[in-house]
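J.: Need coordinates for the below:
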Amino acid sequence: MNPTLKFIYAAAAVLLAGAAGMAIAAGADLGQTQKQTTNWTAIAMFAMTIGAVLLGYPVAFTLAGVGLIFATLGIVLGVFDVAILSALVGRYFGTMTNETLVAVPLFVFMGVMLERSK
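T.: I've put the predicted structure just below:
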């Protein structure tokens, strides 16, 4: 398949998934339960993540970006608490100060260096 055509199809999929997710979430009746809204937004979030990865965005940026987009959407709809986002800072700091996890990037670097050495 032509790379340009593949890019256009992936871009269309991401735009349609994002638009569908936002339309479904924005059109959600306030009388609906939180679980019903969460089900639709989860499907839209999955579709948007797959579409962004197909577009060629790095997985780390895709997961972070889609997560923040849908967190903002959840805050606007009132189904996501803002306090959860403020708790992330403490979790990130705790993970960064964990001495066991600090060694993981060093092991990956060592593996790459050993693989490329002759």
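
J.: For Phe80, which three-state class applies?
T.: Phe80 falls in the coil class when you classify it by DSSP: H, G, I helix; E, B strand; the rest coil.

J.: Where does pLDDT dip in the protein?
T.: 1-38 (pLDDT under 70).

J.: try 80 this time
T.: Low-confidence segments of the chain (pLDDT under 80): 1-40, 95, 102, 118.

J.: quick one, helices of it?
T.: Ranges of helices in the chain, per DSSP state H, are 3-26, 34-55, 59-77, 82-96, 99-116.

J.: which of those helices sits most buried?
T.: Of all those, helix 34-55 has the most neighbours on average by mean count of other CB atoms under 10 Å, namely a mean of 17. All C-beta spots, glycine's among them, are computed from the backbone N, C-alpha and C.

J.: Which elements pack onto it?
T.: helix 3-26, helix 59-77 (3 or more CB pairs under 8 Å, 6 or more residues apart in numbering; DSSP states H and E).

J.: Let me know the angle separating that helix from helix 59-77.
T.: Interaxial angle of helix 34-55 relative to helix 59-77 (axes from the mean of the first three to the mean of the last three CA atoms, to 10 degrees): 150 degrees.

J.: then helix 34-55 to CSV, C-alphas only?
T.: Output of helix 34-55 as CSV, limited to C-alpha atoms (Å, rounded to 0.1, in the frame of the first residue of the first chain):
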residue,chain,number,x,y,z
GLN,A,34,-21.1,7.1,35.2
LYS,A,35,-20.5,3.5,34.0
GLN,A,36,-22.3,4.1,30.7
THR,A,37,-20.3,7.2,29.9
THR,A,38,-17.1,5.4,30.9
ASN,A,39,-17.8,2.5,28.6
TRP,A,40,-18.1,4.7,25.6
THR,A,41,-15.1,6.9,26.4
ALA,A,42,-13.0,3.8,27.0
ILE,A,43,-13.8,2.5,23.5
ALA,A,44,-13.1,5.9,22.0
MET,A,45,-9.8,6.1,24.0
PHE,A,46,-8.7,2.7,22.7
ALA,A,47,-9.5,3.6,19.1
MET,A,48,-7.7,7.0,19.4
THR,A,49,-4.6,5.3,20.9
ILE,A,50,-4.5,2.7,18.1
GLY,A,51,-5.0,5.4,15.5
ALA,A,52,-2.2,7.6,16.9
VAL,A,53,0.2,4.6,17.0
LEU,A,54,-0.7,3.8,13.4
LEU,A,55,0.1,7.4,12.5
